[in-house]
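Q: fold the stuff below for me.
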Amino acid sequence: MRKWLKVFLAIVLGLTLAGCSSKENTASSDNEYQAIKQSKTIAWGIRTDVRLFGYVNLKTGKVEGFELDLARALTKQMLGKDGKAEFVETTAKTKIPQLLNNSVDVDLATMTITDERKKVVDFTNPYFNAGQSILVKNSSKINSIKDLNHKNIVVLAVKGTTAVQNMKKFAPKAKVQEYDDYGQAMAALKSGQGDAMTTDNGILAGLADENKGYKLVGGTFTNEPYGMAIKKNQPQLKRALNKALAELKANGTYKKLLIKWFNGVKGFSMKEAMK
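A: Below you'll find the predicted structure:
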């Protein structure tokens, strides 16, 4: 009798532990979204050095931009009128580490969706259809990537970016001059050291907005969309973000934000960005 009682208790205990384990696994896979709903707060990782997306307005001293406005709209769409968006400054090097160490819930920081990054984080659907484009003076006769494919053309780009590699593919005859950052490359373009500058259309839009007399040409010749990054195994949070983004696009809020920040930039394609 005792033997059968022990067997019975072992079976019950085993089933109980299995049930607890299953419940814990389910909870852990969705704990981020549950915590967000409970606190009614989303911590967003945002850039403060990319004009039009997230940057410091020198007149007001405040950080502003398309991505901050989009984060606020997404927060309200997901959590209601009492939802609160908190912002944490991030950089190209720190945005994924900050996400993984729980400093932020979501990275909304001009992050291109790549297979390499997908090994570490999950991405939402694209919120900005970024792609490589070309920036030139308003008086330039360059109109497309084909016009760069000549040996007497000098194109300016930033070291270590995909823009440099893409030029070898799309305009192999052009001479590419590399700089440490976008500020240096823009200064070189303004001083006549190159015929054109190339990188993501959104970044070029910011440079054109800040430096009057320059325009984007040729649309985009690569497809490198930006997505919101979250930690892996957070399916509820990913679904909620995608749903909120789709709703903002459907109700016109997304388009209004794009117009607010990019409408005045010469040569920037609103239609391409919204694809």
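
Q: tell me the secondary structure for the closest residue to Y179 other than its chain neighbours?
A: Among residues not flanking Y179 along the chain, A185 sits closest, at 4.2 Å (CB to CB, 6 or more residues apart in numbering). (Glycine included, C-beta is placed from N, CA and C.) The three-state assignment at A185 reads helix, by DSSP: H, G, I helix; E, B strand; the rest coil.

Q: please enumerate the helices of the stretch 51-200 of the chain.
A: Listed in chain order, the helices of the stretch 51-200 of the chain (DSSP state H, counting those that start in this stretch) span 66-79, 95-100, 115-118, 162-170, 182-190.

Q: could you identify which of these is most buried?
A: Among the helices of the stretch 51-200 of the chain, the stretch with the highest mean neighbour count (mean count of other CB atoms under 10 Å) is helix 66-79, at a mean of 22.

Q: give me the distance between that helix and the centre of its chain.
A: Offset of helix 66-79 from its chain centre (CA atoms, centre = their mean, to the nearest Å): 14 Å.

Q: and stretch 167-183, by the same measure?
A: Centroid displacement of stretch 167-183 relative to its chain, using CA atoms, centre = their mean, is 23 Å.

Q: where exactly do the strands run in the stretch 101-250 of the chain?
A: For the stretch 101-250 of the chain, applying DSSP state E, counting those that start in this stretch gives strands covering 106-107, 122-128, 132-137, 154-158, 175-179, 196-200, 214-217, 226-230.

Q: what mean pLDDT does the first one get?
A: Read that as strand 106-107. Per-residue pLDDT over strand 106-107 has a mean of 98.

Q: likewise for the fifth one?
A: When the per-residue pLDDT values of strand 175-179 are averaged, the result is 96.

Q: ok, stretch 125-143 next?
A: Taken as a whole, stretch 125-143 has a mean pLDDT of 96.

Q: end to end on it, go ahead and measure it.
A: Stretch 125-143 stretches 31 Å from its first residue to its last (CA to CA, to the nearest Å).

Q: tell me which residues of that stretch come out buried.
A: Going by neighbour count (16 or more other CB atoms under 10 Å), the buried part of stretch 125-143 is 126-137, 142.

Q: how about stretch 173-182?
A: Those would be 174, 176-177, 179, 182, for stretch 173-182 by 16+ other CB under 10 Å.

Q: swap in stretch 100-110?
A: Neighbour counts over stretch 100-110 (16+ other CB under 10 Å) mark 104-110 as buried.

Q: tell me which two of these sit farthest apart.
A: Greatest spacing in the buried residues of stretch 100-110, by CB to CB: D105 and T110 (17.5 Å).

Q: my read: M78 touches N242, true?
A: No. Counting by CB atoms under 8 Å, M78 does not reach N242; the two are 10.7 Å apart.

Q: neighbouring contacts of stretch 197-207?
A: With contacts defined as CB atoms under 8 Å, 6 or more residues apart in numbering, stretch 197-207 is touched by 50-53, 55, 110, 112, 128, 130-136, 148, 155-158, 161, 163, 166-167, 182, 185-186, 189, 214, 216, 219-220, 224, 226, 262, 265, 268-269, 272-273.
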